[in-house]
Every structure is written in C-alpha cells, then in structure tokens.
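Student: below are the sequence and a predicted model for it; my questions follow.
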Amino acid sequence: MDNLEQRELIQKIKKEKCVTFNTIEKYFKGKNFKEIRNWLETNNIDRHTAIYIKSAGVVILISSPNKNDKVLVQVRSSEKARLGIFGGGIENNETPIEAAIRELKEETGIEACEEQLDFLEINEHDLEYENGDKVHYVASLYLLKLSEYPTIKLDSESNGILTISKENYRDYTDIQNINSLQLHKCWQNTISNVLGI
C-alpha cells in the first residue's frame, strides 16, 4: 500500500478502535493475528487494539441413557482458571467445519468427520488475554455427541479437562466463588443450552 493509503488505514483503525473483518480482507489478507498486531505497533497504534478473528470450535457432549449428560471442557493454559471449549482460529482457505475438525484433533486427539458434527451456533464475543491482547471472536460452533467418554490426548494449550453437567454447572459459573475454575462467560449460555438447563 502507498503512503496515503497507509495513513488512511491508520486513521480508520484509530477511529474504529478495532481491526474489522473488512479491514483485514482489504489490507491484511493472509496475515495472522501476530503479524497484524506487530503492524499496529510499528505504526504507533496501540498493539492491543481489538482484532476480529473468525474461529471454530466443538462442544463435546457425552450423552447417556440415564439423561446424566456431560460436556467436556478444557482448562486453558493461556487463561488462568478459565474453562473453555475446544477450538481456535480458522486458517486461510479453511471452512469453519474444517477448522473445527482440525482444532478438535490438535487439542484432544479426537478424529471426527463432518457427518459427526452438528452446527450449533455462531458465538460472538470479546476476549482480553493476560498480555493485553484483545480479540473479537466470531466463532462457528459445532456439537459432537458421543455415547461414552473418549480417549483424550491434550496438547500444550490445555492444563486439563473437566466435565460439566446439570448437577455441577453452577459450581463453574458462580462468580462469587473466585478461587475455583470458572467457565468463561462467553461459553456459559452455549453449555447451559446444550445441557438443557
């Protein structure tokens, strides 16, 4: 981009206080989150300006005949004391369901095919990481129903795995209990809907 176009882009980002999908498509196509963040910093824009990211994830439901259904959640290594679903950013030339399948395999070792996943919802939320990075996620979520607990092989993004059920849901969503693991607020409605709470 030329100098005028770059100045206009800098003004646009400063005015909007975020890097939207349209801006990414026009100016940062093919760039990842870190490359965009570094460009912001190089051009004297707050490196923690929110960046829009398309992501995909899988909610794993262990469904049992006695209706004691459970959702598997990840103890995320990047967010202390936060529980989340399995997923991550959609890569170039990847559909949301392809990203969900890839992330599921990377983070759990579970290999699934498209026919096993049911579209669940689009979950849009903001997240600020401990280092100050801000992301506006638009997440395509899919549901994987299993009849028994799967063999899990966690990667470095996880510190563990827990199950959430109707019986213990409040244990992980009660904001008064600040010393325990908490289901991130952006996933609370999703998990409660899946469990029928």
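Tutor: Yep, it's here.

Student: so, low pLDDT: which residues of this structure?
Tutor: Applying pLDDT under 70 to the chain picks out residues 77-81, 175-179.

Student: change it to 80
Tutor: 1-2, 65-67, 76-81, 130, 157-158, 174-180 (pLDDT under 80).

Student: do you have the strands of it handy? List them.
Tutor: For the chain, the strands defined by DSSP state E cover 18-19, 50-62, 70-76, 82-84, 86-89, 117-128, 134-146, 158-165, 182-183.

Student: the fourth one pairs with which strands?
Tutor: Partner strands and pairing direction for strand 82-84 (DSSP bridges) are strand 70-76 (antiparallel), strand 182-183 (parallel).

Student: kindly report the same for the second one.
Tutor: Under the criterion DSSP bridges, strand 50-62 sits next to strand 18-19 (parallel), strand 70-76 (antiparallel), strand 86-89 (antiparallel), strand 134-146 (parallel) in its sheet.

Student: angle of the last one against strand 117-128?
Tutor: Right, the one you point to is strand 134-146. If you take axes from the mean of the first three to the mean of the last three Cα atoms, to 10 degrees, strand 134-146 sits at 150 degrees to strand 117-128.

Student: what do you get for the second one?
Tutor: Counting by the same axes, to 10 degrees, strand 70-76 points 40 degrees away from the direction of strand 117-128.

Student: contacts for strand 70-76?
Tutor: Under the criterion Cβ atoms under 8 Å, 6 or more residues apart in numbering, residues 59-62, 64, 82-86, 107, 152, 154, 157-165, 172, 181, 183, 187, 191, 194-195 lie in contact with strand 70-76. (C-beta placed from N, C-alpha, C; glycine too.)

Student: and the residue lying closest to E148 once chain neighbours are set aside, how many neighbours does it have?
Tutor: Leaving out its chain neighbours, the residue that sits closest to E148 by Cβ to Cβ, 6 or more residues apart in numbering is I62, at 6.9 Å. A count of neighbours around I62, defined by other Cβ atoms under 10 Å, yields 18.

Student: and the one 10 residues further on, by the same measure?
Tutor: Neighbourhood size, L72 [other Cβ under 10 Å]: 22.

Student: look up how far N43 lies from it.
Tutor: Using Cβ to Cβ, to the nearest Å, one obtains 42 Å as the distance from L72 to N43.

Student: next one: A99
Tutor: 29 Å.

Student: now render the strands of the chain as CSV, adding distance to F28.
Tutor: Formatted as CSV, the strands of the chain follow (distance: least, Cβ to Cβ, whole Å):
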stretch, distance to F28
strand 18-19, 7
strand 50-62, 9
strand 70-76, 26
strand 82-84, 26
strand 86-89, 14
strand 117-128, 19
strand 134-146, 14
strand 158-165, 29
strand 182-183, 32
